[in-house]
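*Asks:* Test case, fold it:
(chains A and B)
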Amino acid sequence: GEDVEQSLFLSVREGDSSVINCTYTDSSSTYLYWYKQEPGAGLQLLTYIFSNMDMKQDQRLTVLLNKKDKHLSLRIADTQTGDSAIYFCAETLLSAFKTIFGAGTRLFVKA
Amino acid sequence: EAQVTQNPRYLITVTGKKLTVTCSQNMNHEYMSWYRQDPGLGLRQIYYSMNVEVTDKGDVPEGYKVSRKEKRNFPLILESPSPNQTSLYFCASRLGQGSGYTFGSGTRLTVV
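*Replies:* The predicted model follows:
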């Protein structure tokens, strides 16, 4: 079935690295995304990765894709208090023209 | 500024009173979608549109209607709202099938 799974909470100390994990179920998904939602706001696209890539780095963000295990992760280096937000993993099912979101991981950053 | 604009931001209404949430994008995007966000459930797609006059049901379409008469506008209509439609609603648009979405700021709807 179609289901994107994430853990609900993650707590880290300021300056540490954060790793947010996600599993997806559709091997035909070609595009995988990470979105960030701050309180009272809509989702903001952080980064994305094509399924023919294993890794993508963008400043403090590193995305790793393990297609065999259908596992996607987002690593935030040197986590800051401003990174506190909900992070959503999403996949686009090209066969169905739709994007499916996980339930979101709430990241708490302790000063 | 490239954006998706939803109105209103907050709405409290009574059961059965028809309402429309408007959505407009200024990026000439072909794809538009409506999602609802509920605690612990993430975002669930209500309806989506691939182009003008082309709409299709998402995962939770019951109780909702949409229309796409113009490329920029994609209103969400609740003909007879019920309390289980109390939620946070997001409109989103994207350029193509693999592009990421640009989201509106959300509409928090309460049906009493």
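
*Asks:* now A:Phe9: how far from chain B?
*Replies:* Distance, A:Phe9 to chain B, using CB to the nearest CB, to the nearest Å: 12 Å. To be clear about C-beta, it is placed using only N, CA and C from the backbone, and glycine gets the same treatment.

*Asks:* So, low pLDDT: which residues of chain A?
*Replies:* In the prediction, chain A carries residues with pLDDT under 70 at positions A:1-2, A:27-29, A:95-96.

*Asks:* Mind doing that once more with 80?
*Replies:* A:1-3, A:25-30, A:93-98 (pLDDT under 80).

*Asks:* need the longest strand for chain B.
*Replies:* As assigned by DSSP state E, the longest strand anywhere in chain B is strand B:42-51.

*Asks:* Quick check: buried residues in the helix or strand just after it?
*Replies:* Using DSSP states H and E, the helix or strand that follows strand B:42-51 in sequence is strand B:54-57. Neighbour counts using 16 or more other CB atoms under 10 Å in any protein chain shown place B:Thr55 of strand B:54-57 among the buried residues.

*Asks:* Other residues contacting strand B:54-57?
*Replies:* Under the contact criterion CB atoms under 8 Å, 6 or more residues apart in numbering or on different chains, strand B:54-57 has outside partners A:97, B:47-50, B:66-68.

*Asks:* out of those, who's nearest B:Leu78?
*Replies:* Nearest to B:Leu78 out of these is B:Val66 (CB to CB; 10.6 Å).

*Asks:* got the residues of chain A near chain B?
*Replies:* Within chain A, the residues that sit near chain B (CB under 8 Å from any CB of the partner chain) are A:4, A:8, A:30-31, A:33, A:35, A:40-45, A:48, A:50, A:88, A:92, A:94, A:97-104.

*Asks:* and A:Leu107, what helix or strand is that in?
*Replies:* Assessed by DSSP H and E, A:Leu107 sits inside strand A:105-110.

*Asks:* ok so, going back, for the contacts of strand B:54-57, which ChimeraX command selects only the ones that are buried?
*Replies:* The buried subset of the contacts of strand B:54-57, as determined by 16+ other CB under 10 Å, is captured in ChimeraX by this line:
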select /B:47,48,49,66,68
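
*Asks:* Pick the one among the contacts of strand B:54-57 closest to B:Val14.
*Replies:* B:Val66 (22.3 Å).

*Asks:* low pLDDT regions in chain B?
*Replies:* Filtered on pLDDT under 80, chain B yields the residue ranges B:97-98.

*Asks:* show me the contacts for the most centrally placed residue in it.
*Replies:* Geometric centre of chain B, nearest residue: B:Trp34, 3.1 Å, by CA atoms, centre = their mean. Neighbouring residues of B:Trp34 by CB under 8 Å, 6+ apart: B:23, B:45-48, B:58, B:64, B:66, B:74, B:76, B:89-92.

*Asks:* Alright, calling it a day.
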